[in-house]
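>>> Output the structure for:
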Amino acid sequence: MMAKPKDLVMDLFGDYVRYMGGSIRVGQLTQLLELFEVEPATARVTLSRMRKDGWFETERHGREISYQATDKLMKILEDGHERIFSKAQPVWIGRWTTVMFEPSVLGKVETKLLSTGLQWEGFAQLNGSSWICPRDVREKIRRKYATQDGSVFVANLWSGSLEEDKRLAETCWDFAGISEVYKNFIERWRGKLAGGIESLSAEQALIARVGMINEYRSFIYQDPMMPRALLPEAWCGDGAFSFLTDMHRDLGPLAMEAVAEVLFAEAAEK
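Numbers count the residues shown, from 1 in each chain. Just a heads-up that it's a prediction; the model follows:
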């Protein structure tokens with residue numbers, strides 16, 4: 001699974017650069033991105049676009065330019081970290097957060113943005129104009145998406161029956177398919193790391209750690225962090241989460257070393 005350059009930049013900032021001073025020069029970042037087969041020209045175009053979109057601030061150092069994350073990017077990074085690593089499953093209280101809107105009123109672009117945002121928050125589509133989520137995220141969704149004209153409406157939905165809720169969950173989410181994705185994730189990465197972490201170089205550890213996070217993040221658009229009461233017995237999501245967090249922790253020191261070698265190379269040579 002080949003990661004997009006923009007996603008790689010955000011991963012490098014989110015897990016590494018912000019803990020090592022928060023600033024990185026273009027040459028250093030392109031050097032790191034080359035580990036992921038991103039050409040320097042592509043890296044520079046990606047950085048330029050992200051700066052124009054408000055993700056970065058820049059500072060010139062002679063002929064070099066350094067990049068620092070803006071508050072906008074930091075908020076995205078923190079939200080992403082929480083969504084990936086806060087796996088505590090809520091207790092089912094019988095209520096769904098429901099978002100209703102009319103695509104023809106919002107328009108194609110706004111509907112696409114809203115739909116993508118709702119998927120990230122764990123929603124699935126109930127019908128053409130309604131989305132549901134098993135967690136109480138009403139206030140968060142209202143802050144981000146609710147409109148004064150009422151074109152996006154946020155409320156609670158409840159059936160009063162656990163069996164009905166299970167049927168609703170099975171209708172909106174492909175649990176068997178999601179569980180299979182998690183199972184394949186575990187098997188694939190166990191195979192890649194079969195030689196043990198001690199057999200990896202610092203660069204290999206960085207590539208593996210970033211690759212795992214990038215792949216796992218794509219699952220968030222499918223997995224709503226469903227309460228245990230609504231999940232099937234055969235569910236591999238918990239095992240995948242434990243595997244990811246264990247590997248993320250164990251690969252951390254070597255991966256950090258790979259980034260530090262690039263960021264602090266000049267200081268080490270003096």
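>>> List the contacts of F36.
Neighbour list for F36: 3, 8, 207, 210 [criterion: C-beta atoms under 8 Å, 6 or more residues apart in numbering]. No exception for glycine: its C-beta is placed from N, CA and C like everyone else's.
>>> Kindly indicate the member of those with the most neighbours.
V210 (25 neighbours; other C-beta atoms under 10 Å).
>>> Helix or strand for it, just tell me which one.
Using DSSP states H and E, V210 sits within helix 202-219.
>>> Pull the number of nearby residues for the residue nearest to L73 when sequence neighbours are not counted.
The shortest distance from L73 to any non-neighbouring residue, by C-beta to C-beta, 6 or more residues apart in numbering, is to W55 (4.4 Å). Neighbours of W55 under the rule other C-beta under 10 Å: 21.
>>> Next, the contact list for the residue most central in space within the chain, please.
Central residue check for the chain by C-alpha atoms, centre = their mean: the C-alpha nearest the mean position is that of R217, 3.9 Å away. Neighbour list for R217: 7, 80, 84 [criterion: C-beta under 8 Å, 6+ apart].
>>> can you redo the contacts of F36 as a markdown table with pLDDT and distance to P40?
Below are the contacts of F36 laid out as a markdown table (pLDDT from 0 to 100; distance: C-beta to C-beta, whole Å):
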| residue | pLDDT | distance to P40 |
| --- | --- | --- |
| A3 | 84 | 17 |
| L8 | 96 | 13 |
| I207 | 98 | 18 |
| V210 | 97 | 18 |
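>>> For the residue nearest to the centre of the chain, give me the pLDDT.
R217 is assigned 93 on the pLDDT scale.
>>> show me where this protein has strands.
For the chain, applying DSSP state E gives strands covering 23-25, 56-61, 64-69, 96-101, 124-127, 130-133, 152-157.
>>> Can you spell out which helices and strands pack onto the fifth one?
So the one you mean is strand 124-127. The contact analysis (3 or more C-beta pairs under 8 Å, 6 or more residues apart in numbering; DSSP states H and E) places strand 124-127 against strand 130-133, helix 162-172.
>>> swap in the second one?
In this structure, strand 56-61 makes packing contacts with helix 40-52, strand 64-69, judged by 3+ C-beta pairs under 8 Å, 6+ apart.
>>> Buried residues in that strand, which are they?
Buried positions in strand 56-61, judged by neighbour count with 16 or more other C-beta atoms under 10 Å: F56.
>>> and the gap between G107 and H81?
32 Å (C-beta to C-beta, to the nearest Å).
>>> pretty sure E203 contacts A258?
Yes: under the criterion of C-beta atoms under 8 Å, E203 makes contact with A258 at 5.0 Å.
>>> Of the two, which one has the most company?
A258 (22 against 17).
>>> contacting residues around that one?
35, 201-203, 205-206.
>>> where does the chain dip in pLDDT?
1, 88, 147-149, 266-270 (pLDDT under 70).
>>> ok, now with 50
267-268, 270 (pLDDT under 50).
>>> Surely F56 and Q68 touch.
Yes: here F56 reaches Q68: they are 6.6 Å apart, a contact under C-beta under 8 Å.
>>> Now the buried members of the contacts of A258.
35, 202-203, 205-206.
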